[in-house]
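K.L.:
Got a predicted structure plus its sequence, pasted below:
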Amino acid sequence: MFLKSVFQNNVVKNIILFFIAVIAVFSFLFSFVFHASDFSIPLFGGINSDVRINIETKQDTKVFINGTEIKASPNFQFNDFDCYEVNNFPVFEISFSNNEIEKMVISVGDKFFYFSKSEIKNFKKDNIGNFELPKNVKYSKNSKFITDKGILHNFFINFLSIFYNPFYFILPIICLILFILNFNFNLFKNSAILWGIIFLGLILRLSDLSPNFWSDELYTVFMAGRFDASFLNTFIDPGNPPLYFILSKIWTACFGIEPITARFLPLIFSVCSIPLIYLFLNKSKFGLLAAFIFSINLYSLITAKEARCYSLCIFLGLLLAIYLFKLLDKPSNKNFILYFLISILAFNCHFYMAFVLFSNFISGEIFLCGKDKIKFLAVNFLSFLTLLPYLLITGLKKSLFNKNFNDFNFPDFNFYLDVVQKFTGKFSIFIILFALIFILCPKLKEKFINNENLKIYNYSIYLIVSMFVSTFLFSYIRPLTKDFYFVSILPFFLISLFLIPSLFKNKKIQIILFILVLISYFAPNDYIKRERARLLNFDNIVSFYLEDKNESSVLIIPHSKEMLPFVYKGLKPDELTVYPLPQNKDELISLIKNNNKKNIYLKVEYNILPDFLIEISKMYKVSFIRLDKDIIIARIVKNKQ
């Protein structure tokens, strides 16, 4: 009793919170100083640290990174290039020894450099006689390392490295969260903290907007999103209804179609989703925490910097949840109309939004009464009718009933488990199941659970489960399951995890659960190892071709002809051939054999077509340059070996 009364004393509480804050600051500084070399590395993904050097030569070559010799990477035996790779390590100096290098191609971050034999001979040499790369490769503006992309991107990397490296920074993170959740915010309003989180989210999303469009973005911006393109083009994408394309048309008319300006549209929706999370969680401290977690979530950052509809889906999903709760609380005509308007937008944004709306429809029909049930049925039916033009023109014929378009596998239990772990952390499923046991057991619920946030938590869990069930059942008609599509309900995955501690009355249980939740969420997982928060540079194949081209060369690009003037400026029509790149080895070999050019350059997806490279190397001289985990540039010289 004595200890309880002591901890209920505000003075003692503030002293304890002060020491927690001191521990947070000192533990962070200790980690930062002690692991200084690690902290400067983007440990959670290696975004700035990807260097690939491809050297074509008949002599042995020694390559030095930061003065240390590195060995050539494992390669296909038929490849004409020796490949050297550096990942997850800050590179500030590259040199090499070999006077007989024919060609050199270097991929650094999102930059691509090509050097001929004559250019290499003019490179400067260091004090031990090794060639050094030119200054334009060695340093970028405001950069210390070759692989840096400037101050803003360094902030992006270093700030996120704090949170996605729990072995170094989990103690200060836990102390910081405990301090925030227990501190008396009457001294300054929650709105000030919210604006700080919004500003942080904006800064993080402004990083790395400049890489060239990848193929889906090209389709969005050029084929449908350009203001001078036909309005009917907004209906031709088999995978996406027209809303985002229409918005993109308006946006590009005002601000242009360059990568940076086009990506500002999804960025705005992503930033606006941050305060919506706070509003949905009733402007509470837990709302601030969830908003902060969303602002630094890797999936939310990627969708914010991709000219596609995903960040808009997140934004609309939150609006639907907010107005569903308003409608259930007060079923006025105004709330019915607002929910109706948002539903129209959601239906016409992405196929997965239909599953969100169906889940909300079931909720409404269960909890609304009398005539309000009929009104809600009418609202959902009428909003669905607005999707019919797209379904009749494109959706049914080219997507839903066409297995040649995105032939997904049938989802199993492991697929859905993987989705949960990607969005919420490696061990989160156990914490969520632990909370559900208390909620579903009446006696435990009465003793331990605080009902203040239970309604929001139950809705988040219900939405996730109903989405899983709906997509699973729909897969019997047509599998459309891809983990990234569930990003439309990303905030509810985060809420279902980070709201758990608030459900319990006991402070000790809250603290223990917060520590477990944080460790689970920020623990390294497969997603962080596998994905990169940057976009591929699709102009690299053109750079390679232009530097090495001659009259007998051809560039094969797997894009439509309409995109070429926009993407590949300066190319003449007779310099390239445009094909929908076959995903079949024999078709691709036939394409190469029937082409009358001697030198052929093309872009190939490595994880789909390695067999093609092996077969074609038996007929022609082949070399390739790997740009990313599954994209390579291939050069094929049609001389018999």
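P.N.:
Yep, that arrived.

K.L.:
my guess is Ile246 contacts Phe235, does it?
P.N.:
No. Checked against Cβ atoms under 8 Å, the pair Ile246 and Phe235 is beyond contact range at 9.9 Å. Just so you know, the C-beta spots here come from the backbone N, C-alpha and C atoms, and that holds for glycine as well.

K.L.:
Neighbour count for these two, which is higher?
P.N.:
Per other Cβ atoms under 10 Å, whichever of Ile246 and Phe235 has more neighbours is Phe235, with 19 against 16.

K.L.:
My guess is that one contacts Thr394. True?
P.N.:
Yes. Counting by Cβ under 8 Å, Phe235 does reach Thr394; the two are 5.4 Å apart.

K.L.:
what ranges do the strands span in the stretch 501-641 of the chain?
P.N.:
Secondary structure of the stretch 501-641 of the chain (DSSP state E, counting those that start in this stretch): strands at 553-557, 576-578, 599-605, 621-628, 631-637.

K.L.:
next one: the chain
P.N.:
Counting by DSSP state E, the chain has strands at residues 51-57, 62-65, 68-70, 81-86, 94-97, 101-108, 111-116, 131-132, 553-557, 576-578, 599-605, 621-628, 631-637.

K.L.:
what packs against the fifth one?
P.N.:
Taking 3 or more Cβ pairs under 8 Å, 6 or more residues apart in numbering; DSSP states H and E as contact, the helices and strands that strand 94-97 lies on are strand 51-57, strand 62-65, strand 131-132.

K.L.:
Same check on the second one?
P.N.:
If you count contacts as 3+ Cβ pairs under 8 Å, 6+ apart, strand 62-65 packs onto strand 51-57, strand 68-70, strand 94-97.

K.L.:
what does the first one give?
P.N.:
Using 3+ Cβ pairs under 8 Å, 6+ apart as the contact criterion, the neighbours of strand 51-57 among helices and strands are strand 62-65, strand 81-86, strand 94-97, strand 101-108, strand 621-628.

K.L.:
please redo it, this time with the cut-off set to 7 Å
P.N.:
On a contact count with 3 or more Cβ pairs under 7 Å, 6 or more residues apart in numbering; DSSP states H and E, strand 51-57 meets strand 81-86, strand 101-108, strand 621-628.

K.L.:
Export the ones you listed as JSON lines, with columns for mean neighbour count, mean pLDDT and distance to Phe280.
P.N.:
Shown next, in JSON lines, are the helices and strands packed on strand 51-57 (neighbours: other Cβ atoms under 10 Å; pLDDT from 0 to 100; distance: least, Cβ to Cβ, whole Å):
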{"stretch": "strand 81-86", "mean neighbour count": "20", "mean pLDDT": "83", "distance to Phe280": "44"}
{"stretch": "strand 101-108", "mean neighbour count": "21", "mean pLDDT": "85", "distance to Phe280": "42"}
{"stretch": "strand 621-628", "mean neighbour count": "21", "mean pLDDT": "76", "distance to Phe280": "36"}
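
K.L.:
Which one of those strands lies nearest to Glu547?
P.N.:
Of all these, strand 101-108 sits nearest to Glu547, with 8.8 Å by Cβ to Cβ.

K.L.:
Could you check how far that closest one is from the centre of its chain?
P.N.:
Distance, stretch centre to chain centre, for strand 101-108: 29 Å (Cα atoms, centre = their mean, to the nearest Å).

K.L.:
got the strands of the stretch 501-641 of the chain as JSON lines, with distance to Ser97 columns?
P.N.:
Shown next, in JSON lines, are the strands of the stretch 501-641 of the chain (distance: least, Cβ to Cβ, whole Å):
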{"stretch": "strand 553-557", "distance to Ser97": "31"}
{"stretch": "strand 576-578", "distance to Ser97": "37"}
{"stretch": "strand 599-605", "distance to Ser97": "29"}
{"stretch": "strand 621-628", "distance to Ser97": "21"}
{"stretch": "strand 631-637", "distance to Ser97": "25"}
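
K.L.:
picking up where we left off before, and the helices and strands packed on strand 94-97, which is most packed in?
P.N.:
Of all these, strand 51-57 carries the top mean neighbour count, a mean of 22, counting by mean count of other Cβ atoms under 10 Å.

K.L.:
Pairing partners for that one, with directions?
P.N.:
strand 81-86 (antiparallel), strand 101-108 (antiparallel) (DSSP bridges).

K.L.:
Can you tell me which of those strands is nearest to Phe522?
P.N.:
Across these, closest to Phe522 is strand 81-86 (Cβ to Cβ), at 26.1 Å.

K.L.:
contacts for the closest one?
P.N.:
Residues from elsewhere that reach strand 81-86, judged by Cβ atoms under 7 Å, 6 or more residues apart in numbering: 49, 51-57, 61, 63, 65, 70, 72-73, 75, 623, 625-626.

K.L.:
mind checking how far that strand is from the chain centre?
P.N.:
Put simply, strand 81-86 sits 27 Å off its chain's centre (Cα atoms, centre = their mean).

K.L.:
so Lys621 bridges to which residues?
P.N.:
Beta-bridge partners for Lys621, by DSSP bridges, are Val637.
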